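> Just a sequence and a predicted model for now, questions to come.
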Amino acid sequence: MHENQQPQTEAFELSAAEREAIEHEMHHYEDPRAASIEALKIVQKQRGWVPDGAIHAIADVLGIPASDVEGVATFYSQIFRQPVGRHVIRYCDSVVCHITGYQGIQAALEKKLNIKPGQTTFDGRFTLLPTCCLGNCDKGPNMMIDEDTHSHLTPEAIPELLERYK
């Protein structure tokens, strides 16, 4: 976590837009638990991450235990539970990408960004996160920057690729 980004500890309130969007999603499901992933995505889209207080606020809107929302939030690796950079890099560290050379990609990312997995660059530009699989096993090694998938990567291509994300 960037040193200027502290987890939110004060009382948490959903914005009116967040609450309205969650209530709208809730009506698409028979069981309100099913809407919890969409509710988490709504908060993350607005705030960039899901603070602890949001778990309880979402649970209140959905009328379910906070532990159910927490379970969903911790299960899905694309729900961020701490502040992240403007751009999130997820590189695949699965066994298939291991065979195709993700270690070189990870090393190039660490060197260029001067951070380790799980960290955010000092300027808040990038967060580096390993992930189990990106679903492009035949095109490895793979990584995503935000919602963009990059395949058949080489360590030499990393600096130029990162320059596209300001």
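The structure has been received and is ready for your questions. In this text the structure is predicted, and so the values were computed from the model without any measurement.
> for this protein, what helix or strand is lowest in average pLDDT?
When each helix and strand of the chain is scored by mean pLDDT, DSSP states H and E, helix 95-100 comes last, with a mean of 89.
> Give me the buried positions along that one.
By 16 or more other Cβ atoms under 10 Å, the buried positions in helix 95-100 come out as 96-97, 100. Glycine gets a C-beta too; all of them are placed from N, C-alpha and C.
> do the same with stretch 91-110
So, applying 16+ other Cβ under 10 Å, buried residues of stretch 91-110: 91-94, 96-97, 100, 102, 105-106, 108-109.
> List of residues touching it?
89, 116-117, 128-134, 136-137, 140-144, 153-156, 158-159 (Cβ atoms under 8 Å, 6 or more residues apart in numbering).
> Centre of the chain to that stretch, how far?
In this view, stretch 91-110 has its centroid 18 Å away from the chain centroid, taken as Cα atoms, centre = their mean, to the nearest Å.
> what does the helix or strand harbouring E20 contact?
If you go by DSSP states H and E, E20 is part of helix 16-26. The contact list for helix 16-26, computed with Cβ under 8 Å, 6+ apart, reads 14, 32, 35, 38-39, 42-43, 46, 58, 61-62.
> Could you rerun that using 6 Å?
Here helix 16-26 makes contact (Cβ atoms under 6 Å, 6 or more residues apart in numbering) with 32, 35, 38-39, 42-43, 46, 61.
> I'd like to know which of the residues you listed is nearest to G53.
Taking Cβ to Cβ as the measure, V43 is the one of those closest to G53, at 10.0 Å.
> Just the buried residues of the one helix or strand L161 maps to, please?
L161 belongs to helix 158-163 when assigned by DSSP H and E. By 16+ other Cβ under 10 Å, the buried positions in helix 158-163 come out as 158, 161-162.
> mind giving me the domain ranges of this protein?
The chain is divided into the following domains under automatic domain parsing: 16-75, 87-163.
> want to throw these into TSV with distance to R81?
Below are the domains of the chain laid out as TSV (distance: least, Cβ to Cβ, whole Å):
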stretch	distance to R81
domain 16-75	6
domain 87-163	12
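> Please tell me how far P155 sits from G101.
8 Å (Cβ to Cβ, to the nearest Å).
> scratch that, H24
For H24, the distance to G101 - Cβ to Cβ - is 44 Å.
> now the helices for the chain?
Using DSSP state H, the helices of the chain run over residues 16-26, 36-47, 52-62, 66-75, 95-100, 102-113, 158-163.
> And those, which one averages the lowest pLDDT?
Mean pLDDT across the helices of the chain is lowest at helix 95-100; the value there is a mean of 89.
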